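**Q** Need a 3D model of the following:
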Amino acid sequence: MDISQNAHIEEQKLWNTFLKGDDKSLEIIYRRYFDELYNYGNKWLNDISLTEDSIQDLFVKLLRTRQNLSQTTSIKYYLFRAFRSIVLDKLKSKNKTALIDEAGKSLFVLDLSPEKKMILQEEVLSLQQKLATALDALTPRQREAIFLRYIEGFSYEQVATMMDLTAKGTYKLMARAIDALKEQMKGTAWHILVPAGLFIPFLKYFLKMMG
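**A** Numbering: from 1, shown residues only. Modelled structure (predicted):
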């Protein structure tokens, strides 16, 4: 049995013990996924307190509805899917119009971390800035799909479910986003350094640095 299988079994046991009434299991889940949930939520809300409140709401909801919760093969996916609904409700209730685009969709922002800018070499920083500009040119839904797929590592099917899309629609959305990014990066050092076949691996690498 490999490491990934062991981790998968350990997650299922952790979730099952929570469903059976073990509150300590939920504490472990909270500590394990807080940072990732915060990173995701704050890209929507851009508000530390509101993001932390949303995470709190998520775990309170899990406690209150524990008896009605279903089994899951991925705690992270289960949390992200539930958390996304809470975050979108926060946006609506707070009427955060600054985060709404022309089509009435909530904006999802991918920003460079100031701290990481300071430690990156000049050449790498330049490429990241170019990529950030290219990401800004994408639609909000394209940005979120890119984040969920390449930073958080969810499958196309999981991204589709979270974003209320069909699998086919998700593939199309991602393909258009990648094509748009490639077009935006033409003429940059990225275009020279990254062979066409390695675009996705390099994209994942730089997004991880930005995420």
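**Q** Every contact and neighbour count from this point should use C-alpha atoms.
**A** Will do.
**Q** how many neighbours does the closest residue to residue 131 other than its chain neighbours have?
**A** Closest residue to residue 131 apart from its sequence neighbours, by Cα to Cα, 6 or more residues apart in numbering: residue 185 at 7.1 Å. Neighbours of residue 185 under the rule other Cα atoms under 10 Å: 18.
**Q** Give me the distance between residue 185 and residue 178.
**A** For residue 185, the distance to residue 178 under the criterion Cα to Cα, to the nearest Å works out to 11 Å.
**Q** Please name the residues that touch residue 166.
**A** With contact taken as Cα atoms under 8 Å, 6 or more residues apart in numbering, residue 166 is in contact with residue 160.
**Q** On the C-terminal side of the least confident helix or strand in the chain by mean pLDDT, identify the next helix or strand.
**A** Every helix and strand of the chain was ranked by mean pLDDT, DSSP states H and E. The lowest is helix 114-119, at a mean of 52. For helix 114-119, the following helix or strand on the C-terminal side (DSSP states H and E) is helix 122-136.
**Q** Quick check: closest non-adjacent residue to residue 155.
**A** With Cα to Cα, 6+ apart as the measure, residue 149 is the residue that lies nearest to residue 155, at 6.4 Å, once sequence neighbours are left out.
**Q** tell me the mean pLDDT for the strand or helix carrying residue 172?
**A** With elements taken from DSSP H and E, the one containing residue 172 is helix 167-185. Averaged across helix 167-185, the pLDDT comes to 89.
**Q** related to what we said a few turns ago, hmm, the residue nearest to residue 155 is touching residue 160, no?
**A** No. Under the criterion of Cα atoms under 8 Å, residue 149 makes no contact with residue 160, lying 10.1 Å away.
**Q** For the strand or helix carrying residue 43, could you pull out the residues that count as buried?
**A** Element membership of residue 43, judged by DSSP H and E, is helix 23-45. Judged by neighbour count using 16 or more other Cα atoms under 10 Å, the buried positions of helix 23-45 are 25-26, 29-30, 37-38, 40-45.
**Q** In space, what's closest to the residue most central in space within the chain - neighbours in sequence excluded?
**A** Residue closest to the mean C-alpha point of the chain, counted by Cα atoms, centre = their mean, is residue 148 at 3.8 Å. Taking Cα to Cα, 6+ apart as the measure, residue 148 lies nearest to residue 154, with 5.9 Å between them; neighbours along the chain are not counted.
**Q** What is the burial count for the one you found?
**A** The local packing of residue 154 (other Cα under 10 Å) involves 19 other residues.
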